[in-house]
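Student: model this:
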Amino acid sequence: MSEKNIFIKFILKTILTLFITFLALFVSGKFWASKGYNFNERLFAELEKSVIDTLYMTFTSTILAFFIGSGLAILLILTRKNGLMPNRTIYSTLDVVVNTLRSFPFLILIVVLFPFTKFLIGTSIGTTAAIVPLTIGSAPFIARLIENALLEVDSGIIEAAKSFGASKAQIIFRVMFVEALPSIINAITLTLIVIIGFTAMAGTVGGGGLGDVAIRFGFQRFRPDIMTYTVIILIVIVQIIQSAGDTLYKVTKK
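Tutor: From the prediction side, this is the model:
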C-alpha cells in the first residue's frame, strides 16, 4: 500500500471515529436528558476546557519525556556490556534509577513530587504543575521502550558503520535511531496513551483535565452523564492517537 493510500485510510478512519463519537454523545445526551440530567452551557464549557487541558498535558509531557527518556536510553545503550562505551558503574546506577522511578505508583509519585513541583512551577496544582510528575513518571517508561528499540537494531549494521569510520554519535543518531524509527514511533504512541491515563489520575488531585471534571462534576455531584461523556471522549482520543501511530509506523516501516 502506498503512503498516499495509508494516509487516506487514516483520514477516513478518523472521520468515521469522530462521526461515531458525535453520535454516541448525541444518544447519551438524549438518554440522560430523559432521566432529568440537563447539560447546560457551563458544563459544556467545563468539558471543552478539560479536553484542551488533557491534550496540553499529554503532548507537552510526552515531548519532554521523550527527550529525557532518549538521553537515558542512549546512556544505557552506550554503557551496557558490549556497548560502544561500556561502563558497569554508570549502567548499573542508571538501571537502578530507571527501575525505581518506573516502580512508583503514579498517584504516590504526584504527592511525593508536590514540594519539587511547587519549587519549580510555583504551585503544586493545575495543568502546568501536573506536567512535572507526568514527565518524571513517564520518562523512565519511554527510556526503556527506546532502549529496547535500539537493541533490536541488527549488530551487523552497527559493525558496518564502524568499519566505515563512523563516530559514536553518528552510529547512535544516523544508524541506530534511523533503523529503530518504526519501533520508536510505537514507543511514543504507547507513551501518549499511558500519559492520557496518568492525566486522568492527576485530575483527582487537582491536576485539571478530564479526570478533574469526572471527579468534580461526575462523581462528587452525582452526574453519571458527565462521567459517560468523559469516558467517551477519552476513548476517542486514544483511538485517534493509536490510529495515527499505526499510520506513521506503516509509513516508516516501508
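
Student: What helices and strands are in contact with the helix-or-strand element of the chain with minimal mean pLDDT?
Tutor: The helix or strand of the chain with the poorest confidence is helix 3-34; it has a mean of 78 (mean pLDDT, DSSP states H and E). Applying 3 or more CB pairs under 8 Å, 6 or more residues apart in numbering; DSSP states H and E, one finds that helix 3-34 contacts helix 224-253. Placement of C-beta: from N, CA and C, glycine included.

Student: if we can go back for a sec, may I see the buried residues of the least confident helix or strand of the chain?
Tutor: Under the neighbour-count criterion of 16 or more other CB atoms under 10 Å, helix 3-34 has 6, 10, 13, 14, 17, 21, 24, 25, 28, 29, 32 buried.

Student: if I pick the second one, what's in contact with it?
Tutor: Spelled out, that is residue 10. Taking CB atoms under 8 Å, 6 or more residues apart in numbering, we find residue 10 in contact with 243, 244, 247.

Student: PyMOL command to pick out the buried ones of these?
Tutor: Restricted to buried positions by 16+ other CB under 10 Å, the PyMOL selection for these reads:
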select buried, resi 243+244+247
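
Student: what's the distance between residue 110 and residue 201?
Tutor: Residue 110 sits 8 Å away from residue 201 when distances are taken as CB to CB, to the nearest Å.

Student: quick one: common contacting residues for those two?
Tutor: residue 207.

Student: Looking at these two, which one has more neighbours?
Tutor: residue 110 (26 against 20; other CB atoms under 10 Å).

Student: That's all I had, so thanks and see you.
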